[in-house]
Structure formats: structure tokens, C-alpha cells
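J.: dropping the sequence and predicted coords here.
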Amino acid sequence: QVQLVESGGGLVQPGGSLKLSCRASGFSLDYYAVAWFRQAPGKEREGVSCITRDGTTNVLDSVEGRFTITRDDAKNTVYLEMNDLRLEDTATYYCGADGVEKVSCTIATDVLYDHWGQGTQVSVSS
């Protein structure tokens, strides 16, 4: 079965850290750009960060300097390291993959991405 599996979410206090994982199952991530999106209750899905095949990244302004996306193709996994978490980061985080080769990746829309997983919940609360 071709899919992405997200993990690593949890409950943390403001200022805390989490590292999310997006592991591909049934296909190789080598040829894909991967993006993280998030959706909070009552809000639209929002692009957080993405990474191309060769490691070029894009990041949402509000998380720049706090969130870092990386990939380990040997492990078929993309990571989202999140530091200095804030209340407004609370959401379900999803990853998607785009198999069309591009120089850069976008987080402005999720329509280019496929193989979405079930998501992983991140809750920031004091």
C-alpha cells in the first residue's frame, strides 16, 4: 500500500520541542518533494514547510527559525523538528508527497501533494 505515515506528535508546554516523522510505505521518497501541512479545529489546512528532492526548503513565515524540515532518503523519511512551540502551533500535522520534479516546492497549496497519511496531533498547552 502506497502511503505516508506520520508520527511523533504529542502534548507539550509552550517553549517545548517535538520532532515529527513522515515515513513512506510502499514507495521511495527519493523522487518526491515532501511537505508538511497542519489543520487546527475550525481552520483551513495550512502549509508549514516543504523540501525538494535535492534539499531545497520552504517554510511558513510564522515558524521560520523555530521549525526545520530535513530528509533522510536512506530511511525513506522526512522530519519536521519543531522548537519553541507556541499555543497557535496546536493542530493535526500531515505530510504529503509531490512526484513532479521541480526546482522549488510550495506550501501555498496542498493540491500538488498526494499519499496523505492520517496525521499526527500536536497539542501545545500550559
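T.: Nice, thanks for sending it over.

J.: mind listing the strands for this structure?
T.: Applying DSSP state E to the chain gives strands spanning 3-7, 10-12, 18-25, 33-39, 46-51, 57-59, 67-72, 77-82, 91-98, 120-124.

J.: switch the ones you listed over to TSV; also include distance to residue 105, mean pLDDT and mean neighbour count.
T.: Just so you know, the C-beta spots here come from the backbone N, C-alpha and C atoms, and that holds for glycine as well. Compiled in TSV, the strands of the chain are given as follows (distance: least, Cβ to Cβ, whole Å; pLDDT from 0 to 100; neighbours: other Cβ atoms under 10 Å):
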stretch	distance to residue 105	mean pLDDT	mean neighbour count
strand 3-7	15	96	19
strand 10-12	26	98	14
strand 18-25	14	97	20
strand 33-39	4	97	24
strand 46-51	4	98	23
strand 57-59	5	96	18
strand 67-72	10	98	18
strand 77-82	11	98	23
strand 91-98	7	96	23
strand 120-124	20	98	18
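
J.: nearest to residue 113 among the ones you listed would be which one?
T.: strand 91-98 (2.9 Å; Cβ to Cβ).

J.: so which of the strands of the chain is nearest residue 111?
T.: Nearest to residue 111, of the strands of the chain and by Cβ to Cβ, is strand 91-98 at 9.6 Å.

J.: starting at the chain centroid, how far to that closest one?
T.: Distance, stretch centre to chain centre, for strand 91-98: 5 Å (Cα atoms, centre = their mean, to the nearest Å).
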